[in-house]
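In: I need the structure of the sequence given here:
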Amino acid sequence: MFWLKKIISQLFMPIPLTVLFILLSLLLMTFAASKLKSIAKLSLLAALAILVGLSQSDSSYYLANSLESQYPVNSTPIAPSEQCVVMVLGSGHNEIAGLTAVHKLSAVALGRLTEGVRQLSLGQNCQLIVSGWNGGYMSTAHATIMKQAAIELGVNPGTIVSFPEAKDTIEEAIFLYRLIGQQPFRLVTSATHMPRSMMIFSALGMSPQAAPADFIAQKSVWWRIDASNLLTSQRSIHEYVGMLWLSIRGVSADQMVNQLSLDKELN
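Out: Residues are numbered from 1 along each chain as shown. Take a look at the predicted model:
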């Protein structure tokens, strides 16, 4: 189910979708009857519209901002009476030799971890939770790199808990639920990813307090068309597809726990 979900979601991303429309157009132009040539032209036009439209500054800003505006930056102090727990969701890293853990983190992961460290400063005796598996091909789990990077940024190693087996947000939520149950905690992830993350953690009956990071919605001149806008659009579309998937299949505590158990049996 995990890999099937990943493969299907990729089909809705701008570049793969553009390639599919171009291939369809080429196939129709090469092998189809003449009466289908118009469909081939429409397919080629659709590919161009997707590529240009999602690379345009206004469209990418709208897609990202509609997600990021749902949860503001969280600078509320954590009351001394509350147990301070900060959960930083995983992202990506590289394994280039000679780099420190901080330098190995992707820009997304570094943005999340930096906000996580800031959230620690808002409470007392805080516990930092980091997560992320090795992607199935890296020698080191992402959670391990995140933990090392947090230590490099001054976090006490004894206050860090890692979940190196969590492959996605659903598994991260389950692992955290097993650790803290329903007690309140600060949830740190990218601002575009926050709405879907809140859906998942709340479905377990948990009490997440959103602390978004890594804001990517940026206004620019309307005629600007570039790859950075396309990446912003892609990240936003990924979240919309994920939320649509959750809405269609439903999301509940039992479903998430059962799916995690099934995935582990298959692996």
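In: now for the strand or helix carrying residue 20, which elements pack on it?
Out: Using DSSP states H and E, residue 20 maps to helix 14-31. With contacts taken as 3 or more CB pairs under 8 Å, 6 or more residues apart in numbering; DSSP states H and E, helix 14-31 sits against helix 37-55, helix 227-249. Using the backbone N, CA and C atoms, a C-beta is placed for each residue, glycine as well.
In: tell me the residue furthest from the middle of this structure?
Out: residue 34 (44.2 Å; CA atoms, centre = their mean).
In: would you list the phi and psi of that residue?
Out: The phi/psi pair for residue 34 (degrees, to the nearest 10) reads phi -60, psi -30.
In: show me the domain layout of the chain.
Out: What the record gives for the chain is the domain set 8-52, 82-214+245-266, from automatic domain parsing.
In: ok, now which ones touch the nearest residue to residue 209 once chain neighbours are set aside?
Out: Nearest residue to residue 209, sequence neighbours excluded (CB to CB, 6 or more residues apart in numbering): residue 186, at 5.2 Å. Under the criterion of CB atoms under 8 Å, 6 or more residues apart in numbering, the neighbours of residue 186 are 74, 78, 84-87, 116, 119, 122, 208-209, 211.
In: next one: residue 159 from residue 140, what distance?
Out: Distance, residue 159 to residue 140, by CB to CB, to the nearest Å: 21 Å.
In: host element of residue 129?
Out: Counting by DSSP H and E, residue 129 is part of strand 127-131.
In: can you tell me the helix or strand for the residue nearest to residue 209?
Out: With DSSP H and E as criterion, residue 186 is part of strand 184-190.
In: paired strands for that strand, with orientation please.
Out: The sheet places strand 184-190 alongside strand 85-88 (parallel), strand 207-213 (parallel), with pairing taken from DSSP bridges.
In: how about JSON lines for these, with mean pLDDT added?
Out: Formatted as JSON lines, these follow (pLDDT from 0 to 100):
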{"stretch": "strand 85-88", "mean pLDDT": "98"}
{"stretch": "strand 207-213", "mean pLDDT": "97"}
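In: just those: most buried one?
Out: Of all the strands paired with strand 184-190, strand 85-88 has the most neighbours on average by mean count of other CB atoms under 10 Å, namely a mean of 27.
In: that one: how far from the chain's middle?
Out: 16 Å (CA atoms, centre = their mean, to the nearest Å).
In: I'd like the next helix or strand past it.
Out: helix 101-104.
In: distance between that following helix and the chain's centre?
Out: 19 Å.
In: shift numbering so it begins at 37
Out: OK, 37 is where the count begins now, so the last one is helix 137-140.
In: helices or strands up against the helix or strand following that helix?
Out: Sequence order places helix 143-156 as the next helix or strand after helix 137-140, per DSSP H and E. Judged by 3+ CB pairs under 8 Å, 6+ apart, the packing partners of helix 143-156 are strand 121-124, strand 163-167, helix 178-188, strand 220-226, strand 243-249.
In: and helix 143-156, what's buried?
Out: 144-156 (16 or more other CB atoms under 10 Å).
In: what do you get for stretch 275-289?
Out: 275-279, 282, 287.
In: quick one: which of those is nearest residue 66?
Out: Closest to residue 66 out of the buried residues of stretch 275-289 is residue 277 (31.0 Å), distances taken as CB to CB.
In: pretty sure that closest one sits against residue 50.
Out: No - using CB atoms under 8 Å, residue 277 makes no contact with residue 50, being 11.7 Å away.
In: gap between the residue farthest from the centre of the chain and residue 131?
Out: 53 Å.
In: check residue 63 too.
Out: To residue 131, residue 63 is 39 Å away according to CB to CB.
In: kindly report the same for residue 275.
Out: In terms of CB to CB, residue 275 sits 27 Å off from residue 131.
In: good, wrapping up.
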